[in-house]
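> Just to be clear, the model below is a prediction. Sequence and coordinates:
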Amino acid sequence: MVSLEALGHSFRSYWLMWSCRMSRSAFEAIVADALDAVPEEFRSMMDNIDIAVEDWPDQETMRRARAEGAAQLMGVYYGVPLTRRGHNYSMVLPDKISVYRMPILMRCRTPKEVRDTVRRVVRHEVAHHFGIGDERLREIGAH
């Protein structure tokens with residue numbers, strides 16, 4: 001196999017050729033639209049949660065997610081799922097869903113692909129907020 005560098009292409013130039021480029025504000029609007037697309041009966045039950053757009057996951061997040069590289073992780077949920085909150089759940093910082101912009105843009109070639117991917121990532125992380133684990137998400141084809 002010939003590397004990109006051997007052909008005179010850096011990873012950055014390859015990424016710029018094939019990935020979708022999009023401003024941060026446009027990406028944030030897509031994330032907001034994806035949240036609006038969550039059915040109202042679920043949105044109304046979402047409690048004490050913050051949604052953030054970040055460019056890349058940090059090293060600790062990658063370690064906890066067992067990701068081999070930053071480009072592998074498109075989103076993550078941090079917090080106490082609703083199903084695990086007891087009567088003592090109070091006075092805590094909000095849970096957080098992080099949506100990682102650069103890994104998503106690297107995977108997508110068109111704005112439509114970005115919208116579809118963000119929507120899938122947001123639904124996946126919201127499912128974790130409701131206590132649905134990766135195993136169950138795989139069973140229902142939503143992982």
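Arrived safely, thanks for sending.
> Show me where the protein dips below the pLDDT cut-off.
1-18, 142-143 (pLDDT under 70).
> All the helices of it, in order from the start?
11-18, 24-36, 40-43, 59-65, 101-107, 111-129, 134-139 (DSSP state H).
> Same list (those) but as CSV, adding distance to Gly79 and mean neighbour count.
Yep, even glycine has a C-beta here, placed from its N, CA and C like the rest. Shown next, in CSV, are the helices of the chain (distance: least, Cβ to Cβ, whole Å; neighbours: other Cβ atoms under 10 Å):
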stretch, distance to Gly79, mean neighbour count
helix 11-18, 31, 12
helix 24-36, 16, 15
helix 40-43, 16, 10
helix 59-65, 13, 12
helix 101-107, 21, 19
helix 111-129, 7, 19
helix 134-139, 15, 11
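> among the ones you listed, which is nearest Leu82?
Closest of the helices of the chain to Leu82 is helix 111-129, at 6.4 Å (criterion: Cβ to Cβ).
> same for the closest one, what does it pack against?
helix 24-36, strand 75-78, strand 95-100, helix 101-107 (3 or more Cβ pairs under 8 Å, 6 or more residues apart in numbering; DSSP states H and E).
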